[in-house]
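Q: Coordinates only, no sequence provided:
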């Protein structure tokens, strides 16, 4: 550990929150339909799209119509991605002459990019053509992020309405978030990244003759344009097999810093935007505080774990001050730990080092951050939405203790909301643990493992945790490009994405019809330090109770094996 | 039903044209015009021939060169069309064996100094272009001997190629293996082809 390492971690987390605030104010203006400085450019485009779609974007939809529109849009996206990558062999911009991908890989990949997961069962540079990367995957990186943002916008409207009906217009939320927020941010970031060394070309590769006379073929892509939205949209799917560990995808410590900040910045922005749009800035600041505490603890824990002596290094008698297996020299343990916490706290899933080679507790913490439900700060909008669900559960539990009907942001929280909240929260362990349990005893599934023993179980558990949480990072020892894995991981992504989305929209539909209450003497203040503590407790207890047994069999037992190995020397 | 399908299809077509075609093409156009070197992979050209990229590591085995880290990319390592880490867990026996073998090989070549962790571990990408300054310094005597120059001169060249942390805090100090080897070749060329 070094002071520079701690400084880098603190700086990365703090800058993301600091930039998230002003961007959140702007995002809220976009959701609310207020005037922005980009109106002259995008207003005409917007009008054209709505006319082509035949929708009245000013008409507020019921939660049910809103959800139906969202699902229809995502279904079309799924079929389009599926078709493009199946047919890429006959489509243009395929200089590598890749064939179309298999049915099960196409299903998995289409689900993966539509659900904002970006789990990749394939190696990018050896599978996807330029056309697939651009027209299929990059597009979904934008619109799946905008889909997540839309549900937060809808939920925010439900809290300010007084006996209302509509939660907003899905088409307006989708189009406006994409055009006014995601596209301009991506253009700026992509160009900065190219200037700092990230390639952006339509060539397939560059050929070199190395100094010692060998041939070296270097895969190239239009990297920067996809990298920018992969980070900002909290998607995470790399152009290359090793994602942001690849020197073309992340050439130096400065690109690493910028792309690490980008993982979280719009997630935090969605928190602040929700606060402004729901007229509850102070209460949302408490949620930011709770998320920031847990995320900082995660980053700290991973850095501590990755600077513990690794048994292989100790046995060989070499310097063991940091675990460098799977890490890049230009980043080191600190930059990799900060990234690992941010990417797993935020449902991003890009990596700048290999999580499967982390120390047991380092990988275990990464897993635990995903198990908490992707709320630190989670995906754009989907993170704050689930965080609000957690807040509903927290006020409900506090309400049970004192025997009052709980309220949150001026809306009574009753049985219906809690049932829906439980649905959103419980489908996650059902998918994560259920699929893992089956895979752990199925020979067909076990063929995909690289490591065995507790680390093998961690590979399985990590895969279903990552896909259910719509994260997409992996213990990449697992060879997942096989029918069992592609199919079940695809189902896990669908469950983890759309069940909570529908539950959140249903909660919005229920809340919007309720009267807006003024706080009374009996109202639990939800902007206080006490509430932050209560919320952190609820999140940890919920996550801990559900997942501790599984973690004990994987990373925790492996940690004790490491200690035993070291003590035996 | 049609009231759902029409906007879904039309908007997806619009987004595909805007975000899947226009956006990447715009970035490509600007990048190729404004930053042609970076946009095409930061290639190093010597005497009209591409010898590599400053961002991508390559294999070096000869005694007069800095050696890179172990690599898990491709069968021979440093295959820049098949990036990969080892993905071996901390208790994996293959990892323990590889680390030990690497350490033994380094001690045979470079003496008994402290071996830094990066020298015996595979990077995440398998294409790491850098090694730590400590690993570079460990190799100085061997390089000097192979080139028939004073170790002090090689150490000076290596020290001049240490890149520090960005803004004093970001990342780690590092030495670019390919660039440093090219500098060594330029400054202390071999008089005759090396024996190894």
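A: That came through, no problem. Note that the structure is predicted; figures quoted are calculated from it, not measured.
Q: now the helices for chain B?
A: Secondary structure of chain B by DSSP state H: the helices cover B:2-15, B:23-34, B:36-39, B:93-110, B:133-138, B:140-147, B:151-160, B:177-187.
Q: The helix or strand that residue A:341 is a member of - what's its average pLDDT?
A: Residue A:341 belongs to helix A:332-345 when assigned by DSSP states H and E. Averaging pLDDT along helix A:332-345 gives 97.
Q: so residue A:523 touches residue A:408, yeah?
A: No. Using C-beta atoms under 8 Å, residue A:523 makes no contact with residue A:408, being 9.5 Å away. Any C-beta I mention is one placed from the backbone N, CA and C, and that applies to glycine too.
Q: Tabulate the helices of chain B (a markdown table), appending mean pLDDT and mean neighbour count.
A: As requested, the helices of chain B are exported to a markdown table (pLDDT from 0 to 100; neighbours: other C-beta atoms under 10 Å in any protein chain shown):
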| stretch | mean pLDDT | mean neighbour count |
| --- | --- | --- |
| helix B:2-15 | 94 | 18 |
| helix B:23-34 | 98 | 18 |
| helix B:36-39 | 97 | 18 |
| helix B:93-110 | 97 | 17 |
| helix B:133-138 | 98 | 22 |
| helix B:140-147 | 96 | 19 |
| helix B:151-160 | 97 | 16 |
| helix B:177-187 | 97 | 19 |
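Q: Any chance of a markdown table for those helices, columns distance to residue A:168?
A: Listed next are the helices of chain B as a markdown table, based on distance: least, C-beta to C-beta, whole Å:
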| stretch | distance to residue A:168 |
| --- | --- |
| helix B:2-15 | 15 |
| helix B:23-34 | 26 |
| helix B:36-39 | 40 |
| helix B:93-110 | 52 |
| helix B:133-138 | 56 |
| helix B:140-147 | 66 |
| helix B:151-160 | 60 |
| helix B:177-187 | 54 |
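Q: could these be laid out in JSON lines, adding distance to chain A?
A: Compiled in JSON lines, the helices of chain B are given as follows (distance: least, C-beta to the nearest C-beta, whole Å):
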{"stretch": "helix B:2-15", "distance to chain A": "4"}
{"stretch": "helix B:23-34", "distance to chain A": "4"}
{"stretch": "helix B:36-39", "distance to chain A": "5"}
{"stretch": "helix B:93-110", "distance to chain A": "4"}
{"stretch": "helix B:133-138", "distance to chain A": "8"}
{"stretch": "helix B:140-147", "distance to chain A": "13"}
{"stretch": "helix B:151-160", "distance to chain A": "15"}
{"stretch": "helix B:177-187", "distance to chain A": "6"}
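Q: Out of those helices, flag the one nearest residue A:489.
A: helix B:2-15 (24.2 Å; C-beta to C-beta).
Q: Can you name every helix or strand that that closest one contacts?
A: Judged by 3 or more C-beta pairs under 8 Å, 6 or more residues apart in numbering or on different chains; DSSP states H and E, helix B:2-15 is in contact with helix A:39-53, helix A:63-86, helix A:139-160, helix A:170-176.
Q: Let me know which of these is tucked in deepest.
A: helix A:139-160 (a mean of 28; mean count of other C-beta atoms under 10 Å in any protein chain shown).
Q: give me phi/psi at whatever residue of chain B ends up closest to chain A?
A: Distance from chain A to each residue of chain B (C-beta to the nearest C-beta) is smallest for residue B:171, at 2.7 Å. When quoted as degrees, to the nearest 10, the phi and psi of residue B:171 stand at phi 70, psi -160.
Q: for residue A:206, same thing?
A: According to degrees, to the nearest 10, residue A:206 has phi -120, psi 140.
Q: for the one 4 residues further on, same thing?
A: In terms of degrees, to the nearest 10, the main-chain angles of residue A:210 are phi -70, psi 170.
Q: ok, and the closest non-adjacent residue to it?
A: By the measure of C-beta to C-beta, 6 or more residues apart in numbering or on different chains, the closest residue to residue A:210 outside its immediate chain neighbours is residue B:58, 4.5 Å from it.
Q: Would you mind giving the helices and strands packed on helix B:2-15 as CSV with distance to chain B and mean pLDDT added?
A: Shown next, in CSV, are the helices and strands packed on helix B:2-15 (distance: least, C-beta to the nearest C-beta, whole Å; pLDDT from 0 to 100):
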stretch, distance to chain B, mean pLDDT
helix A:39-53, 4, 97
helix A:63-86, 4, 98
helix A:139-160, 4, 97
helix A:170-176, 6, 98
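Q: Pipe those into CSV and attach distance to residue A:287 per row.
A: Compiled in CSV, the helices and strands packed on helix B:2-15 are given as follows (distance: least, C-beta to C-beta, whole Å):
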stretch, distance to residue A:287
helix A:39-53, 30
helix A:63-86, 22
helix A:139-160, 12
helix A:170-176, 21
